[in-house]
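K.L.:
requesting a structural model of the entry that follows:
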Amino acid sequence: MNITFRSLAAILGGYALAVASSFALVPIFMYVFGCFKADAVYLGTIFSYVFYFSCVIFSFNRASVLLVWRDITLICLVFYLIHYIGTIL
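P.N.:
I've put the predicted structure just below:
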């Protein structure tokens, strides 16, 4: 069961983290680095793969499955908060 829940965290949590990071990186690239929107979307999508694979590695290195899900959820919430603040500006 431990491997199953870690695999689900790696696959589903990694996907959620990749989507959240691609949403959050677009306003960061636009406002901080001055990129055009199309370039920011492209770069955000590219960097989301880094977050996905780091989540896969992270989900099998953490001590507890509950800590893995907690950390993935918190990171996703931070990314969605960054996206929300970026859309307001």
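K.L.:
tell me the contacts of residue 20?
P.N.:
For residue 20, the contact set (C-beta atoms under 8 Å, 6 or more residues apart in numbering) comprises 75, 76, 79, 80, 83. The way it works is simple: take the backbone N, C-alpha and C, and place the C-beta from them, glycine included.
K.L.:
if we go to 6 Å?
P.N.:
Shown in contact with residue 20 (C-beta atoms under 6 Å, 6 or more residues apart in numbering): 76, 79, 80.
K.L.:
now name the helix or strand holding it.
P.N.:
Counting by DSSP states H and E, the element that carries residue 20 is helix 14-31.
K.L.:
the residue most central in space within the chain and residue 6, how far apart?
P.N.:
Centrality entry for the chain: nearest residue to the mean C-alpha point is residue 17, 2.9 Å, by C-alpha atoms, centre = their mean. Applying C-beta to C-beta, to the nearest Å, the value for residue 17 to residue 6 is 15 Å.
K.L.:
wait, isn't the residue nearest to the centre of the chain in contact with residue 51?
P.N.:
Yes. Contact criterion C-beta atoms under 6 Å: residue 17 and residue 51 qualify, at 5.2 Å.
K.L.:
what comes up buried for stretch 60-72?
P.N.:
Across stretch 60-72, burial judged by 16 or more other C-beta atoms under 10 Å covers 62, 65, 68, 69, 71, 72.
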